[in-house]
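> For reference, the sequence and a predicted model appear below.
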Amino acid sequence: MENDILKGIRDILKYELEPIKKQLQKNTIILEELKSKIDIVVEVQGSHIGQNEKEHIQIMKSLSEKVEVIELAVKDTSKDVKELKQKFEKVERVTIQNTYDVAYLKSVK
């Protein structure tokens, strides 16, 4: 009788556990698919990181070269402005002197 009871309990458990086993198998398959997809994403991200680092280095190099060119242009322009300022000051002095000379010549007449 105990064997019959145990067999009955075993059969009930087997019957009740069968859907759980099937769901567990489905969940296992889903998890394996997700793991595969995650592995792919990790690989792609790793590739993108390397590519982004290379592009970042190229951009920084390009910007550095442009900054150097701009610095040289600013220095050259600054030099030109300084020279023009000096020439303007000379012209201004000569103009002032000419104004005095014209005023003197008019007064002498």
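Received the coordinates, thanks. Just so you know, these numbers come straight off a predicted model, no measurement behind them. Numbers count the residues shown, from 1 in each chain.
> Give me the mean pLDDT for stretch 54-67.
For stretch 54-67, mean pLDDT is 95.
> Hmm, I typed the wrong one, I wanted stretch 30-45.
95.
> can you list the residues that contact that stretch?
Stretch 30-45 has contacts (Cβ atoms under 8 Å, 6 or more residues apart in numbering) with no other residue. All C-beta spots, glycine's among them, are computed from the backbone N, C-alpha and C.
> Strands of the chain, start to end?
Per DSSP state E, the chain carries no strands over any range.
> Centre-most residue in it?
Residue closest to the mean C-alpha point of the chain, counted by Cα atoms, centre = their mean, is His56 at 7.1 Å.
> Let me know the distance separating it from Val102.
Using Cβ to Cβ, to the nearest Å, His56 is found at 67 Å from Val102.
> Likewise for Gly50?
77 Å.
> Leu13 too?
124 Å.
> What segments of the chain are helices?
2-108 (DSSP state H).
> Met1: neighbouring residues, count only.
Look at Met1: counted by other Cβ atoms under 10 Å, it has 5 neighbours.
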